[in-house]
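1. Prediction below, plus the sequence it came from.
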Amino acid sequence: MIESIKNFSSDFFVTGDPLIYGADVSIVLVMVAIIFVLTYFKKWKWLWSEWLTTVDHKKIGIMYLIASLLMLFRGGVDAILMRTQLAFPNMDFLPSDKYNEIFTTHGTIMILFMAMPLMFALFNMVVPLQIGARDVAYPFLNAVSFWTFFFGAMLFNLSFVIGGSPDAGWLSYAPLSETQFSEGPGQNYYIWGIQISGIGSLASGINFLVTILKMRAPGMKLMKMPMFSWSVLSSCIIIIFAFPILTVTLGLLFIDRYFGANFFTLAGGGNPMYYVNLIWMWGHPEVYLVVLPAFGVFSEVVATFSKKKIFGYKSMVFALLSISLLSFFTWVHHFFTMADYKVDAFFAITTMAIAIPTGVKVFNWMFTMFRGRIQMKPPMLWTIAFIPTFLVGGATGVMLAVAPADFQYHNSYFLIAHFHQVLIGGVVFGFFSGIYYWWPKIFGFSLNEKLGLWAFWLWNIGFYVTFMPQYALGFMGMPRRVSTYGWDMGWAPLNFISTIGAFLMGAGFIFQVWQIVYSIKHRNKEGAADPWDGRTLEWSIPSPPPEYNFAIIPKVSEQDDWWYKKQKGLTKVKEDYKPIHMPKNSGIPFIMGGFWFITGFGLTFEWTWMGIIGLIGVATSIVVRHLDNDTDYYIPVDEIERTEARIGGTR
Amino acid sequence: MTTEKHTEHHSSFQSYVTGFLFSIVLTIIPLVLVLNDMLENPLLLVIILLAACFQFVIQIYYFMHLRENKNRGYIVLALIVGIIIVVTVVGGSAWVMNF
Ligand code: HEM
Ligand SMILES: [Cu+2]
């Protein structure tokens, strides 16, 4: 008996590695600390009723933001560990199996659990305010999205201490990800962590598409809608068509692993290449759907801080929509080496074609700045840093799109440098810019600029120091996903420089955390309602906005309507309040997320009974919600009056 | 108002059940054929593809409220984009994997 418990727990918990013990200890300590603080300050009820059950898009946005910053930390630690291992030849800091696990979790976490939720944080914090709506189209579903994402991400992260991490790369190519080569729970964690959070992503895509199409303030025609909302719309279109492909692909992989089917194994008539083909049909649209909202942020920021209308509005819209369609026609560029030359030629051309609308956007941003009164505020700094970074990233992308040449660059450090250039320079800088831009709106106080400047320079210098040498390393023949190399290769100096850059970026991140903590302590609430002299509707209401956002739904007549109203002195509105219809909070999304977690955990360890219990719980949550008729309420007029008087709304 | 909502609710429930039954049948047919090795390849492939096409139509028709008259424009647009993507995914894969 005791023996078998011992055996079980030594399989169940990951043991024998100081890193893991360190993680165990810190996880337990953090949990104890959280429980202690919540109990000591009697905050449990507050946590439950204000946050865990909320359906308010602004609070959901804040929870997405917190979760994604935590994931940025985890993914960043992974990156630093990898770079430390690669700093010198023949290092034995991480053994190769650990290195495999860490590059897998790094990539998966950065894309699916950092970039995606940071993007959804911005969707939630901004879109309804920007289009003059009181909430998203389906507030309850929005909470379901968040909690499925959250529990999916937690499930994935659990693999580090329980059962063992996945190690087949962030896209888990078959046959490596099949049972034959990846037995055990790691790969199952990957499948279920992503499947569960994928439910949330797809639901958010639908939710924001409907919100934008159906809930705009009266008078806001589509062609008067702010650019950021346009970019969200384009991104949602991609989500809706791309995520089902991912779900099916991982579903088939699961069937292979769980039921012994042969979709992606060479035995039994399957073919691993099907997997590669399918996963990139999602994978390429995925990278474009995370970068489009960043483009949206840049458009808002450039217009605001140049004090000009965005240049070429129509061409911007056209570029966004054509990118979202074209992104479905380029997936083969990720495996030119596998396909036929005619196929390669076709996909090389479609890939280069995407560079055209992207180029149009860059020119439009430049023309917007041209002869503008440019103010170098923090969001603008990140935007200006983005342009050259993204240009180089795009140019190297076009180099990679040249199919015959790609046979040389493929899976080398040249590729690593390329995608980090677009992901960090485009997506991360873009989302940072957006967070800096909308922070005062959501939290009601501004962030300290001096600390932000430190973070900005550390990130930027660090970025170039890390990734420029990697282009050269690629040319020198260094392949990706190697855990070590010898002195004779001549790669040592450039790798060492690259590692220094990684630490600089890490320092930049620390400055950002410091900046946030500092600004929370020394709250500067001055002018938070409209600190940048903004152009769009979100700046017309108090910061942070009341739960119903707009006491009176604005009537829109112009593009950049708030700017127009300010110029014409039309900012006063008649205080003619009506009761406001609002959704009620609900604990079901959180509970349902918990049941998904149980399902995923059970299927990860192939404990079918537990999977079934979890699924029953999920189904029950849906039925309970369906039978609930008490889902909404009205805020009476006198309460609106009181709130507006207190927060100084309706100026 | 309430009665109207009620009947709408009722008929959509019925249509979900019909759609569900149809989809089940269309899923079982290929499964049975393949598991029992009942047919040879060209014919088998054709039947599976046909079942898939019908499945698509049934899902759209019974679950997506296509018969409602509001939002015609959006529905048509979404269908066109959807079909383009489906054709790309299926046809593209066939082309890419054909070497
Ligand atoms: C401090 C910043 C970062 C550093 C130093 C860094 C470094 C690295 C390294 C060393 C690898 C593995 C190379 C190999 O295959 O051996 C890697 C892979 C990867 N990184 Fe990063 N990274 C950083 C930030 C990011 C961010 C912000 C994202 C996404 C938004 C990202 C996405 C990826 C992806 C998708 C992979 C591929 C993983 C795989 O091949 O399985 N990285 N990175
Ligand atoms: Cu791609």
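-> In hand now; what should we look at? Ligands and ions are numbered 1, 2, ... in the order given.
2. When you work out contacts or count neighbours from here on, use the C-alpha atoms and nothing else.
-> Noted.
3. tally of neighbours for A:K307?
-> 21 (other CA atoms under 10 Å in any protein chain shown).
4. Could you pull up the residues touching it?
-> A:372-374 (CA atoms under 8 Å, 6 or more residues apart in numbering or on different chains).
5. For it, give its distance to A:M592.
-> 46 Å (CA to CA, to the nearest Å).
6. For PyMOL, what selects the buried ones among the contacts of A:K307?
-> If you want just the buried ones from those in PyMOL, going by 16 or more other CA atoms under 10 Å in any protein chain shown, the selection is:
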select buried, chain A and resi 372+374
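7. Filter the contacts of A:K307 down to the ones in strands?
-> Among the contacts of A:K307, none falls in strands (DSSP state E).
8. want to throw the contacts of A:K307 into TSV with pLDDT?
-> Output for those, formatted as TSV (pLDDT from 0 to 100):
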residue	pLDDT
A:G372	87
A:R373	89
A:I374	91
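9. With respect to A:I162, which of the contacts of A:K307 is nearest?
-> A:I374 (51.8 Å; CA to CA).
10. Now that closest one. Its backbone dihedrals?
-> phi -80, psi 130 (degrees, to the nearest 10).
11. OK, contacts around it?
-> A:305-307.
12. will you turn these into JSON lines that also has secondary structure?
-> Below are the contacts of A:I374 laid out as JSON lines (DSSP: H, G, I helix; E, B strand; the rest coil):
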{"residue": "A:F305", "secondary structure": "helix"}
{"residue": "A:S306", "secondary structure": "helix"}
{"residue": "A:K307", "secondary structure": "coil"}
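13. would you turn these into JSON lines with pLDDT and distance to A:I80?
-> Shown next, in JSON lines, are the contacts of A:I374 (pLDDT from 0 to 100; distance: CA to CA, whole Å):
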{"residue": "A:F305", "pLDDT": "96", "distance to A:I80": "35"}
{"residue": "A:S306", "pLDDT": "94", "distance to A:I80": "37"}
{"residue": "A:K307", "pLDDT": "93", "distance to A:I80": "40"}
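14. and residue 85, what helix or strand is that in?
-> Going with chain A. With elements taken from DSSP states H and E, the one containing A:Q85 is helix A:57-86.
15. Switch to chain B, please.
-> helix B:72-96.
16. residues near residue 47, how many?
-> No chain was given, so I picked chain A. As a measure of burial, A:L47 has 13 neighbours, counting by other CA under 10 Å.
17. The intended chain is chain B.
-> For B:I47, using other CA under 10 Å, the count is 16.
18. what sits against it?
-> B:P30.
19. now A:G426
-> By CA under 8 Å, 6+ apart, the neighbours of A:G426 are A:291, A:294, A:386, A:389-390.
20. in which helix or strand would I find A:F228?
-> Using DSSP H and E, the element containing A:F228 is helix A:227-259.
21. what comes up buried for that helix?
-> A:227-243, A:245-247, A:249-250, A:252-254, A:256-257.
22. swap in stretch A:351-370?
-> Quick answer for stretch A:351-370 (16+ other CA under 10 Å): A:351-352, A:354-355, A:357-358, A:360-362, A:364-366, A:368-369.
23. which parts of chain A sit against ligand 1?
-> Chain A has residues A:76, A:79-80, A:82-83, A:103-104, A:107, A:110-111, A:115, A:169-170, A:420, A:423-424, A:480-482, A:502, A:505-506 near ligand 1, with proximity defined as CA under 6 Å from any ligand atom.
24. I'd assumed A:G186 was in contact with A:S177.
-> No - between A:S177 and A:G186 there is no contact, the gap being 9.7 Å when judged by CA atoms under 8 Å.
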